[in-house]
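Asks: structure for this input, please:
(2 chains)
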Number of protein chains: 2
Amino acid sequence: VPFDWEQKFASRVDRMTGSAIRDLLRLAERPDVISFAGGLPAVDVLPAEEVERASQRILRNLGSWALQYGATEGYLPLREWIAGTMSQEGIPITVDNVLITTGSQQALDLLGKIFVGPGDWIAVESPTYPAALQAWSAYEGEFLPIPSDERGMILDQLEEQLAAGPKFLYCLPNFQNPRGVTLVAERRENLVAVATRAGVPIVEDDPYRDLRFEGDHLPRLLAIDAQRRGVGENSYRGGVIYVSSFSKILSPGIRVGWLIAAPEVIRRLVLAKQSTDLHTSTFNQMLAYDLARTGYLVRHIPTIVHAYRERRDVMLAALREHFPPNVRWTHPQGGMFIWVTLPEDYDAQVLLGEAIARKVAFVPGASFHVDGRGANTLRLNFTNATPERIREGIARLGCVLREQLRPRRTSRVA
Amino acid sequence: VPFDWEQKFASRVDRMTGSAIRDLLRLAERPDVISFAGGLPAVDVLPAEEVERASQRILRNLGSWALQYGATEGYLPLREWIAGTMSQEGIPITVDNVLITTGSQQALDLLGKIFVGPGDWIAVESPTYPAALQAWSAYEGEFLPIPSDERGMILDQLEEQLAAGPKFLYCLPNFQNPRGVTLVAERRENLVAVATRAGVPIVEDDPYRDLRFEGDHLPRLLAIDAQRRGVGENSYRGGVIYVSSFSKILSPGIRVGWLIAAPEVIRRLVLAKQSTDLHTSTFNQMLAYDLARTGYLVRHIPTIVHAYRERRDVMLAALREHFPPNVRWTHPQGGMFIWVTLPEDYDAQVLLGEAIARKVAFVPGASFHVDGRGANTLRLNFTNATPERIREGIARLGCVLREQLRPRRTSRVA
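Replies: Numbering: from 1, shown residues only, chains lettered A, B, ... in the order given. Coordinates of the predicted model:
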């Protein structure tokens, strides 16, 4: 007799729905399918040999301490290194501002845990990263979509929108997931000014910053906020929470990310993290620190940038060659994604079924929206497939688009 | 001008209080203090050399895949190995019953996330593991204490107690943290029978099972439940959720644990884990699998057991030699902890202050209780300090006890 579990779950479980396209995308994992669906790095830029050498150095020099429990705040030398790096922009970051997280996804979850209760509003760029929405839905938050264009979040109505009193505003300023667009410099200043006036914190999620293929780095919202507030000797105490990770510049499989915030926020996050996973893997933190400290990371990032720039260029060229003229797409200056807009009334989810039959996959854009929009949009990842497979995959998708594009709609999926 | 964060936090943050003894215990981290406070393994049983060899094997054979994103459910070969090992007791465990977690602490957090809402009851053995209480307090659960004695949880009133309809009952059957006692066989049968009748799931937290110094293994509650329900060909679908980890038998610093439950519970936990940390470190799961698969773990466990048995014996002998006759303590058959009971009206927290002045530390017992009891109790860890330091530390503590023990009470700390 099986146990009857269904009546036992907490009400928040109703919010934890898997995506309806998940089963479809599972088909995309077959090796004969060319997938532009995931957000995976190229496996060839993941430095197995260098990690092997670092593992050896750590286990010989630090021995069993690499395998022992560690502090919830994180491995102190890594926190110091991050504080040092982040201070280079003139932001007064000390170790008291730094929390190491189990990937940046954990940072998003912990922010939900300390800030979001049933019915709380969170302002999000729309479209945005779905796993952030999932993380905060689990705490029964509600989303306030802020539209965006080719220059990032549109701020014209922001002051009125923030009057709803959201717990925070969530923003990916560089090569945003899913659209690949970057928030331009003047909007960055403006965004910080408006949010400060409204007393709304900003969560700046910045995993792709170092994956810039062209153009100059733009100031972090964190740096703009620190400057506006005036810099003293002490730890940063402003209204921006900055989230980043080693996933895109070193390895996602080691699950090491970090978060910068005012010390009073860090203290709450430490309490929340303690009961969540005690601490992030000691060994993996030491790996990240070793490869940062020895300068490997600084040498490795250009290799990744070079590989990804080529793949972006190959995909953009293939899109121009194979896609019908009534389809538009973004031109990202970095990151991992291109965003495609089909003519109005065309449905990317119907298209996905046809595409998978032709052994090519992507993510329909509706999944990135909180307001039912985006049925005619889709996201393409250009970092995971090789240039050859990108050419072939976009050619296949171009065929599907030309043959199969026809106006029909299905119901929206979350 | 610092940002004003205090008004921004969610109500559940009020429940995430650090322990009042935390600052005191921070002093115990100084190398001149002999600490029996933590729950840390001996650093000398953490196998740095073997992990180095495993790292090399993995990074040479599997290369960059060890550094890539992985499935939320966990690394399939590791899940298969766990399913195989857990099935040896005749429980029908398949991969659909297995979730890999970022240490067993994450299992406790995810259980809170899918089961516990504001005002929900959770029945817990009292005293119990405080980080489980922290994990579920964060979801605003309330605790129903079930008393325990030298033979584990006392079941006489359990039927009436479970009438309150708790979401689940939490139990550490082997060498329980903090008391070191083991739930005897007849009570195991009885516990499963009563919980089944009441329709209350059991969370069986079993990190210490393999650290048995003497006597035979007792059946898991999971096995008893599976047998009662009748075993078919399919995956286990009963009312026990089993939690364990590689922390105590391999390394806590790699943060790899696992959970066994009915597939419909695993499905909910996977959705919850997805937004919590995406997945557990691929590399670390491969490390655990490599060391399990190659048979190293089976050879290594007796080394740990041998070292810990000696330390337990040294501590028990030192307790007999140095502690006053009106103090009692448990005789654990395994695990990491001895539980000390002082005469009524003596306060272990006052004693801790005196002990730290004499450079020896422990955890006062009130922290493990949910009902304000236990002021005259304390927990001693015997695995982390060397035998020499155990002798010296218990001698110091014996001096403090004889000199400083005097009836006074301070207010209870959580």
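Asks: before we move on, which element is A:Gln161 in?
Replies: helix A:158-162 (DSSP states H and E).
Asks: just checking, what packs against that helix?
Replies: Packing partners of helix A:158-162 (3 or more Cβ pairs under 8 Å, 6 or more residues apart in numbering or on different chains; DSSP states H and E): strand A:142-149, helix A:185-198. Where C-beta positions appear, they are placed from N, C-alpha and C, glycine not excepted.
Asks: what residues sit buried inside that helix?
Replies: If you call a residue buried by 16 or more other Cβ atoms under 10 Å in any protein chain shown, then helix A:158-162 has these buried ones: A:158, A:161-162.
Asks: out of those residues, which is nearest to B:Ala10?
Replies: A:Leu162 (18.8 Å; Cβ to Cβ).
Asks: can you give me the helices in the stretch 1-150 of chain A?
Replies: Counting by DSSP state H, counting those that start in this stretch, one finds helices in the stretch 1-150 of chain A at the ranges A:22-27, A:48-61, A:76-87, A:103-115, A:130-137.
Asks: where among those helices is the average confidence lowest?
Replies: Among the helices of the stretch 1-150 of chain A, helix A:22-27 carries the lowest mean pLDDT, a mean of 72.
Asks: give the burial count for the closest residue to A:Arg237 other than its chain neighbours, as a bare number.
Replies: Nearest in space to A:Arg237, with sequence neighbours left out and distances taken as Cβ to Cβ, 6 or more residues apart in numbering or on different chains, is B:Pro2 at 3.7 Å. By other Cβ atoms under 10 Å in any protein chain shown, the residues close to B:Pro2 number 15.
Asks: I'd say B:Pro2 and A:Gly230 touch.
Replies: No. In this structure B:Pro2 lies outside contact range of A:Gly230 using Cβ atoms under 8 Å: 10.5 Å.
Asks: centre of the chain to the longest helix belonging to chain A, how far?
Replies: Ordering each helix of chain A by length in residues (DSSP state H) puts helix A:296-322 first. Here helix A:296-322 is found 18 Å from its chain centre; the criterion is Cα atoms, centre = their mean, to the nearest Å.
Asks: that one: what's the following helix or strand?
Replies: Assignment by DSSP H and E places the next element after helix A:296-322 at strand A:328-329.
Asks: could you pull up the mean pLDDT of that following strand?
Replies: pLDDT averaged over strand A:328-329 gives 98.
Asks: any idea of the pLDDT on the residue with the largest distance to the centre of chain A?
Replies: In chain A, counting by Cα atoms, centre = their mean, A:Val1 sits farthest out from the average C-alpha position, at 43.5 Å. With respect to pLDDT, A:Val1 scores 82.
Asks: what residues are up against it?
Replies: By Cβ atoms under 8 Å, 6 or more residues apart in numbering or on different chains, A:Val1 lies in contact with B:229-230.
Asks: from B:Gly230, how far off is it?
Replies: Here A:Val1 is placed at a distance of 8 Å from B:Gly230 (Cβ to Cβ, to the nearest Å).
Asks: also A:Ala395?
Replies: 56 Å.
Asks: with A:Ala272 instead?
Replies: Where B:Gly230 is concerned, A:Ala272 sits at a distance of 42 Å (Cβ to Cβ).
Asks: what does the stretch 251-400 of chain A put close to chain B?
Replies: A:251-255, A:262, A:264-265, A:268, A:271-272, A:274-284 (Cβ under 8 Å from any Cβ of the partner chain).
Asks: point out the other helices and strands that the one helix or strand A:Leu259 maps to packs with.
Replies: Element membership of A:Leu259 [criterion: DSSP H and E] is strand A:257-260. Counting contacts by 3+ Cβ pairs under 8 Å, 6+ apart, strand A:257-260 packs against helix A:76-87, strand A:98-101, helix A:103-115, strand A:240-245.
Asks: where does pLDDT dip in the stretch 151-300 of chain A?
Replies: Along the stretch 151-300 of chain A, segments meeting pLDDT under 70 span A:231-233.
Asks: list, one by one, the residues from the stretch 101-250 of chain A near chain B.
Replies: So the stretch 101-250 of chain A meets chain B at A:102-103, A:105-106, A:108-109, A:113-117, A:120, A:131, A:134-135, A:137-139, A:167-168, A:199, A:201, A:229-230, A:237-239, A:250 (Cβ under 8 Å from any Cβ).
Asks: buried subset of the residues you listed?
Replies: A:102-103, A:105-106, A:108-109, A:113-117, A:120, A:131, A:134-135, A:137-139, A:167-168, A:201, A:229, A:237-239, A:250.
Asks: close enough to count as contact, A:Ile394 and A:Leu316?
Replies: No. At 9.5 Å, A:Ile394 does not count as touching A:Leu316 under the criterion of Cβ under 8 Å.
Asks: hmm, back to that, what angle sits between the longest helix of chain A and helix A:48-61?
Replies: Per axes from the mean of the first three to the mean of the last three Cα atoms, to 10 degrees, the angle that helix A:296-322 makes with helix A:48-61 is 160 degrees.
Asks: need the next SSE after the helix holding A:Gln161, C-terminal direction.
Replies: strand A:169-171.
Asks: how far does that next one sit from its chain's centre?
Replies: On Cα atoms, centre = their mean, the centre of strand A:169-171 falls 12 Å from that of its chain.
Asks: A:His322 against A:Ile394, yeah?
Replies: Yes. Using Cβ under 8 Å, A:His322 is in contact with A:Ile394, at 5.4 Å.
Asks: so between these two, which is more surrounded?
Replies: A:Ile394 (28 against 18).
Asks: gap between the closest residue to that one other than its chain neighbours and chain B?
Replies: Excluding the flanking residues, the one nearest A:Ile394 by Cβ to Cβ, 6+ apart is A:Ala318, at 3.6 Å. Using Cβ to the nearest Cβ, to the nearest Å, we find A:Ala318 at a distance of 25 Å from chain B.
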